[in-house]
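*Asks:* Prediction below, plus the sequence it came from.
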Amino acid sequence: MTTTLTREQLLNKAKARYEEVDVPGLGTVGIRSLDRAKIDLRSSTWFDDNGNLVEEKFALRNVYMIIDQVMIDESTPMFSAEDVSVVSALDGAMLNPLISAVQAFNNDGDSVKKKGE
C-alpha cells in the first residue's frame, strides 16, 4: 500500500496558522499556532526528573499559552517569557474569554469567531 499524502501536502496543511479573533469583553486579538517543538518543550517543564507532575509549573500552562500564542500582529508577540509574573497577576476572570479563544483556535478554530464574522 502506498501513502496518499505527499511531503508537499503535509507541509502545506501543517504550516503555522495566524488568525485575528474577536474576544468578548477584550476586543480583537491575534493568535498564532505553536510548532511541535514548542508544545513539547512547554509540556516537558510540567514534570520533574522522575516523571511526576509539578503542580506549580502545571498551574502556569494557561499563562504560557497566552505568552506563546497571543500576538499584536502576525510577527509580534504581545508578551515575552519575562512577562510570566505580569500575566500571572492579571484578573483570571477577565482572561477566561482569551484563554477560551486560544483553546478554540488550537482545536482548529471551529468555535472561534474570526474578525469580521
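*Replies:* Yes, it's here.
*Asks:* who's in contact with the nearest residue to residue 87 once chain neighbours are set aside?
*Replies:* Here the nearest residue to residue 87 in space, its sequence neighbours aside, is residue 63; by CB to CB, 6 or more residues apart in numbering that works out to 4.9 Å. (C-beta placed from N, C-alpha, C; glycine too.) Applying CB atoms under 8 Å, 6 or more residues apart in numbering, one finds that residue 63 lies in contact with 84, 87-88.
*Asks:* change it to 10 Å
*Replies:* Contact criterion CB atoms under 10 Å, 6 or more residues apart in numbering gives 79, 83-90, 95, 99 as the residues in contact with residue 63.
*Asks:* Could I get the residues you listed in CSV, plus columns for pLDDT and distance to residue 23?
*Replies:* Rendered in CSV, the data for the contacts of residue 63 read as follows (pLDDT from 0 to 100; distance: CB to CB, whole Å):
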residue, pLDDT, distance to residue 23
79, 98, 15
83, 98, 18
84, 97, 21
85, 97, 22
86, 98, 18
87, 98, 15
88, 97, 19
89, 97, 19
90, 97, 14
95, 96, 10
99, 97, 10
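*Asks:* ok but the residue nearest to residue 87 is inside a helix, no?
*Replies:* Yes. Under DSSP: H, G, I helix; E, B strand; the rest coil, residue 63 falls within a helix.
*Asks:* Residue 5 and residue 37: what is the separation?
*Replies:* Per CB to CB, to the nearest Å, residue 5 is found 21 Å from residue 37.
*Asks:* now residue 25
*Replies:* Computed as CB to CB, the residue 25 to residue 37 distance reads 33 Å.
*Asks:* Then residue 45?
*Replies:* 13 Å.
*Asks:* These two: which is more packed in?
*Replies:* Here residue 45 and residue 37 are compared on neighbour count by other CB atoms under 10 Å; more neighbours surround residue 45, at 13 against 8.
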